[in-house]
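A.B. asks: Predicted model follows, preceded by the sequence.
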Amino acid sequence: MSEAAFRALYRRLRDQAPEGLDQRRGALGRLTPERVVAAAAEVRCGRTVSLAALIETTPGPDNPQPASHRMTAPTSGQHDAPGLRFALDRFAMNVHGDADSHLDALCHVIFDGELHGGVPASSVTPDGAGALTLDLVRDGIVGRGVLLDIPRLRGVPWLEPGDHVTTEDLVAAETAQKVTVGPGDLLFVRVGHRRRRRSLGAWDAAQARAGLHPTTMGFLAERRVAALGSDGNNDTAPSAVAEVPFPVHVLAMHAMGLHLMDYLDFEELAPECERQDRWHFLCVIAPLRLPAATGSPVNPIAVL
């Protein structure tokens, strides 16, 4: 895709944002109380499924700076001491890596010197972001989740790195799974990244990964989804736009105001949806309360 075509698509998606939508909340404004109530009615059997991968603390080709976890108490010699003791630990991570499940706040993407909605990039300082931060989702994201399984559609276990999910794939998956993505939905797109990683081992996903083609953002805009998540990075590598490394991030977050969730895990959810022949569910997403942050580790829960 040429840079000129990308920028034309960017302008079209940015300019067709509905009037009255709160730019500070982006597409989350589509999650009206009525839609949340309707999403609660999606629950049938009460089965809960995590959509997050295990946080890893061992370095790998896709995770050179893994999360760190260490015990701070009890110290040596305290284990058998009489009286009360507490086990204590400390945790730190690089939120926007290529291995751990995380949610991107709208301040994460800077494009042409601005954040979503024309907010100046200078609002992001060494002390934290001053606008469009994780605080926008402090009350969580709750709505109807829809999983579109592209490897299932194509009859393969996973998409190979570099392969693109197209708009035609998304529409065909809807038909095959007897589900329709609609306004306010939380759309999850499986490319099989986690299954490939477990089967073949980790690789440098920064250089090669399956993802959505930038033109699929037109489908998301047409269906008026509220958020997007994938078991990959959402963006393909190498990029479909040579001059823009993460075109889906730019289009979804910067132009459309969509919160993104990267590197989720659908390998438990997809078989359960298959078994129930039902690919929509209540979804509850609760990021950490980090008011000036650009993202958070996340553990979305599907309730079927």
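C.D. replies: That came through fine. Numbering: from 1, shown residues only.
A.B. asks: quick one: the residue nearest the centre of the chain from residue 295, how far?
C.D. replies: Nearest to the mean C-alpha position of the chain, by C-alpha atoms, centre = their mean, lies residue 261 at 1.0 Å. Distance from residue 261 to residue 295, counting by C-beta to C-beta, to the nearest Å: 10 Å. Yep, even glycine has a C-beta here, placed from its N, CA and C like the rest.
A.B. asks: Format the CA atom coordinates belonging to the top strand by length along the chain as CSV.
C.D. replies: The residue-count maximum for a strand in the chain (DSSP state E) belongs to strand 141-149. This file holds the C-alpha atoms of strand 141-149, laid out as CSV (Å, rounded to 0.1, in the frame of the first residue of the first chain):
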residue,chain,number,x,y,z
ILE,A,141,-14.5,-1.9,29.3
VAL,A,142,-17.6,-4.1,29.2
GLY,A,143,-19.5,-5.1,26.2
ARG,A,144,-20.3,-7.8,23.7
GLY,A,145,-17.2,-9.6,22.5
VAL,A,146,-17.1,-11.2,19.0
LEU,A,147,-14.3,-13.5,18.0
LEU,A,148,-13.5,-14.0,14.3
ASP,A,149,-11.2,-17.0,13.8
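A.B. asks: Show me what it is packed against.
C.D. replies: helix 33-40, helix 167-177, strand 186-190, helix 269-276, strand 280-285 (3 or more C-beta pairs under 8 Å, 6 or more residues apart in numbering; DSSP states H and E).
A.B. asks: Under a three-state scheme, what state does the residue of the chain most remote from its centre occupy?
C.D. replies: The C-alpha centroid of the chain is most remote from residue 82, which lies 46.7 Å away (C-alpha atoms, centre = their mean). What DSSP: H, G, I helix; E, B strand; the rest coil gives for residue 82 is coil.
A.B. asks: Got the phi and psi for it?
C.D. replies: Per-residue torsions, residue 82: phi -70, psi 160 (degrees, to the nearest 10).
A.B. asks: any idea how far it lies from residue 71?
C.D. replies: Distance from residue 82 to residue 71, by C-beta to C-beta: 21 Å.
A.B. asks: Now do the helices for the stretch 101-250 of the chain: every range, in order, please.
C.D. replies: 150-154, 167-177, 193-200, 217-223, 247-249 (DSSP state H, counting those that start in this stretch).
A.B. asks: Give the burial count for residue 211, as a bare number.
C.D. replies: When neighbours are defined as other C-beta atoms under 10 Å, residue 211 has 29 of them.
A.B. asks: for the one 10 residues further on, same thing?
C.D. replies: Residue 221 is flanked by 22 other residues according to other C-beta under 10 Å.
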